[in-house]
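>>> no sequence on this one, just coordinates:
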C-alpha cells in the first residue's frame, strides 16, 4: 500500500528552512509502534505537552515532549531531523499529527 500512496501522491509537503519534507498517513505498523503514545502520553492540545502541571515531575513533561517528537518523526518517516521539527509552528504540528492519524488530505 505504501507504493500506492506514493503513486497517488498521498502525502503532504511541509517546507522547513527551504527544504521540503513529506508527511505520510500512518500505516498499521506505525500505529502499532506509537499507539501507546495516545494514552495520555501526548495531549491533543499541542502546547499542553510543554507545560509542567501541579504535582507532576519534570520527567513526565519531558516524556510528553519526547513522545510528541516521536509522532512527528513517524509522520515524516524519519526524514526530517529533530532540529527542523522544532521550527514547525503549533498549527502545523497539530495538522501533521491529525493527518498522520487519519490520512485525510488537509
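Yep, it's here. Note that the structure is a prediction, hence the values are computed from the model and not measured.
>>> from here on, just use CA atoms for contacts and neighbour counts.
Fine.
>>> pull the residues that contact the longest helix anywhere in the chain.
Taking DSSP state H as the assignment, the helix of the chain that covers the most residues is helix 58-75. Contact with helix 58-75 is made by 23-26, 30, 34, 37, 41-43, 49-52, 79-80, 82, 85, 93, 96-97, 100, as judged by CA atoms under 8 Å, 6 or more residues apart in numbering.
>>> could I get the phi/psi values of the residue lying closest to residue 87 once chain neighbours are set aside?
Leaving aside its chain neighbours, residue 87 sits nearest to residue 16 (7.2 Å; criterion: CA to CA, 6 or more residues apart in numbering). Backbone torsions for residue 16, taken as degrees, to the nearest 10, come to phi -130, psi 120.
>>> what's the answer for residue 44, then?
phi -70, psi -30.
>>> gap between it and residue 81?
Remark: distance between residue 44 and residue 81 (CA to CA, to the nearest Å) = 22 Å.
>>> which one's more surrounded, these two?
For residue 44 and residue 81, the more surrounded residue by other CA atoms under 10 Å is residue 44, and the numbers stand at 14 against 11.
>>> report the buried members of the contacts of helix 58-75.
23-26, 30, 37, 41-43, 49-50, 80, 93, 96-97, 100 (16 or more other CA atoms under 10 Å).
>>> just the ones in helices from the residues you listed, please.
Those of those lying in helices (DSSP H): 30, 93, 96, 97, 100.
>>> in CSV: those, plus pLDDT and distance to residue 61.
Converted to CSV, those look like this (pLDDT from 0 to 100; distance: CA to CA, whole Å):
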residue, pLDDT, distance to residue 61
30, 89, 23
93, 95, 18
96, 94, 21
97, 93, 19
100, 92, 23
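>>> need the residues you listed in JSON lines (columns: distance to residue 72).
Formatted as JSON lines, those follow (distance: CA to CA, whole Å):
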{"residue": "30", "distance to residue 72": "12"}
{"residue": "93", "distance to residue 72": "8"}
{"residue": "96", "distance to residue 72": "7"}
{"residue": "97", "distance to residue 72": "7"}
{"residue": "100", "distance to residue 72": "9"}
